[in-house]
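Provided below are the primary sequence and the corresponding predicted coordinates.
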Amino acid sequence: MSKLVLTAWDHHARYAKDGKIDMELVRRRLGMAADAGISTLFTLPDKPNGLPLDPYLDVALELGLKVHIWIIPFRSPELHDKLMKRLTDAEHWDGCKESFYPCVNDVAVRERILPDVEALIRAQGKRIDGIHLDYIRDDNAVGSVACPCQCPACRALRLKYFGKEQLTEEERKAPAVIYKEFAWKNAFITDLVRKYRALTAKYGLQLSMAARANYAMQADLPKPPVYGLGPAVLEGQDWAAWGEEGLLDIISSMNYHIVPETFSEVLKGHVRLAKDMKSTFYTGIGLKSSLGVNPPDRVERYINECVDAGMKGCTFFALDGAVDEHYTVIKKFA
């Protein structure tokens, strides 16, 4: 049996019991992960000033597990409350909703993020192995394509390049306009990733990310509850280019599909894209996600496909969706 590097996403806040961290559950679940051969956890602390993270890290360190703190750059409550939300214009964009995300085109948004991350690293840097980026992108493609941002930063960019702050639906279809809008979005987010790279390098930490499985060619999902799977490049998340540049140490794809044929097709595309990367690429496999549940036998099939495709490792989503039989399967590949 081929050996893989096995990693997993985890949610620190899901160990809550009566508003406190359930240490018995932490020890049991992390112990099962370590016993199954999982070596690294990408852990989302979730609510700021909520459950203490230190006890969780204590257990992980005792078990020899490495931890990357999982952050969501454009979804922090501080940014959501203090910075601009997207605006809508009933005349042109009737039915559009305000985005949950502050706009990445605003330099104030990007500059506001880094000091918070550096403070986190200073507090936990000796106890963690890296920073893990999720939602390192703009709003969902199905939203941003149908309802382009109307914040002051985006309006200023349109005025500069197109001579007007707001375009008609027909004007937005022009190839040059499409190119320019997505080019500046990707450029701004890539700039932020480079700053994360410099920050983690400064403290000797790794930088990893959760990558949209749909890079460019896969059909999107335009309806809830998933409401969008990319494509990543339409959301400013050109993770293939980031991997080729080596901006990340680890890129884990979110290939959570419960339909085997779809999983296989997406995996083939990732193998092609990962071939020229300096970053290490892992296939993400959903145990239980918004797309549904993959039972243990299907997870084993997926892992075997990763082995056959030459993948170096897998990342499982997420620990709280794992049953005993999942761990039995995973352990075969450790």
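That came through fine.

Make sure W9 is indeed in a strand.
Yes: W9: assigned to a strand according to DSSP: H, G, I helix; E, B strand; the rest coil.

if I read this right, it contacts C314, doesn't it?
No: between W9 and C314 there is no contact under C-beta atoms under 8 Å: 11.4 Å. The way it works is simple: take the backbone N, C-alpha and C, and place the C-beta from them, glycine included.

what residues does stretch 114-126 touch?
Residues outside stretch 114-126 that contact it (C-beta atoms under 8 Å, 6 or more residues apart in numbering) are 53, 57, 69, 71, 76, 78, 128, 131, 195-196, 199-200, 203, 205.

now for the residues you listed, which pair is the farthest apart?
Greatest spatial distance among the contacts of stretch 114-126 (C-beta to C-beta): L57 and K195, at 25.0 Å.

Which of these two has more residues huddled nearby?
Just comparing L57 and K195: by other C-beta atoms under 10 Å the higher neighbour count belongs to L57, 19 against 15.

got the contact list for that one?
67, 124, 127-128.

Equivalent analysis for P231, please.
Taking C-beta under 8 Å, 6+ apart as the criterion, P231 is in contact with 141, 212, 214-218, 220.

Give me the buried subset of these.
141, 212, 214-215, 218, 220 (16 or more other C-beta atoms under 10 Å).

In helices, which of those residues fall?
A141 (DSSP state H).

Can you tell me which of the buried ones among the contacts of P231 is nearest G246?
Set against G246, the nearest of the buried ones among the contacts of P231 by C-beta to C-beta is Y215 (17.7 Å).

Skipping adjacent residues, who's closest to the closest one in space?
A232 (5.1 Å; C-beta to C-beta, 6 or more residues apart in numbering).

ok, the one you found to R137 distance?
7 Å (C-beta to C-beta, to the nearest Å).

quick one, which of the two is more surrounded?
R137 (28 against 24).

was I right about that one contacting L234?
No: with contacts counted by C-beta under 8 Å, R137 stays clear of L234, the gap being 9.2 Å.

Number of residues surrounding the nearest residue to L6 once chain neighbours are set aside?
Excluding the flanking residues, the one nearest L6 by C-beta to C-beta, 6+ apart is I38, at 4.7 Å. Neighbours of I38 under the rule other C-beta under 10 Å: 27.

which ones are touching I38?
With C-beta under 8 Å, 6+ apart, I38 has these contacts: 6-8, 65, 316, 330, 334.

Mind checking which of those are buried?
Using 16+ other C-beta under 10 Å as the burial test, the contacts of I38 include 6-8, 65, 316, 330 as buried.

Among those, which one sits closest to I251?
T7 (11.5 Å).
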